[in-house]
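Peer 1: Generate coordinates for the sequence data below:
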Amino acid sequence: MKRLVEEVNGEGLEAFLGEKILLLCANYFYTGKLVGVNEAFVLLADASIVYETGPWSDSTYKDCQAIGSSWYVRIDMIESYGLGK
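Peer 2: The predicted structure is shown next:
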C-alpha cells in the first residue's frame, strides 16, 4: 500500500487565525474573528449567531445577533467553515 504522509502547519482552521470566519455547525452558524484554535475548541472574538444568512452575495447576514465578546465553539460540531462577511 502506498501512503502519502505529510504534516502541514497553517492549514485548516489555523489558516484563518486573525480572520472573520463563518462556522457552519450541527445546530447553529457562528461568525466572529478567529483568535484561538486547539484540539477541541475554537475561540471567536466579537462572536455572533447567524440565524439567517440571506443571499450569499449580500455583504451582511440577514439575521446576525451578537452573543458576546468571545465565544468557544467545539470543533467536533463544525461541519464546514470559511471567510465570513
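Peer 1: what lines up beside the lowest-mean-pLDDT helix or strand in the chain in the sheet?
Peer 2: The weakest-scoring helix or strand in the chain, judged by mean pLDDT, DSSP states H and E, is strand 63-74 (a mean of 94). Partners of strand 63-74 in the sheet, by DSSP bridges, are strand 41-52 (antiparallel).
Peer 1: can you list contacts of the strand it pairs with?
Peer 2: By C-beta atoms under 8 Å, 6 or more residues apart in numbering, the surrounding residues in contact with strand 41-52 are 13, 21-23, 28-37, 61-75, 78. C-beta coordinates here come from the backbone N, C-alpha and C atoms, glycine included.
Peer 1: low-confidence ranges in this protein?
Peer 2: By pLDDT under 70, the low-scoring segments of the chain are 2, 4-9.
Peer 1: Give me the residue at the spatial middle of it.
Peer 2: residue 23 (3.3 Å; C-alpha atoms, centre = their mean).
Peer 1: Just confirm that residue is within a strand.
Peer 2: Yes. Assessed by DSSP: H, G, I helix; E, B strand; the rest coil, residue 23 belongs to a strand.
Peer 1: Thought residue 31 was touching it, still the case?
Peer 2: Yes. With contact defined as C-beta atoms under 8 Å, residue 23 and residue 31 form a contacting pair (7.3 Å).
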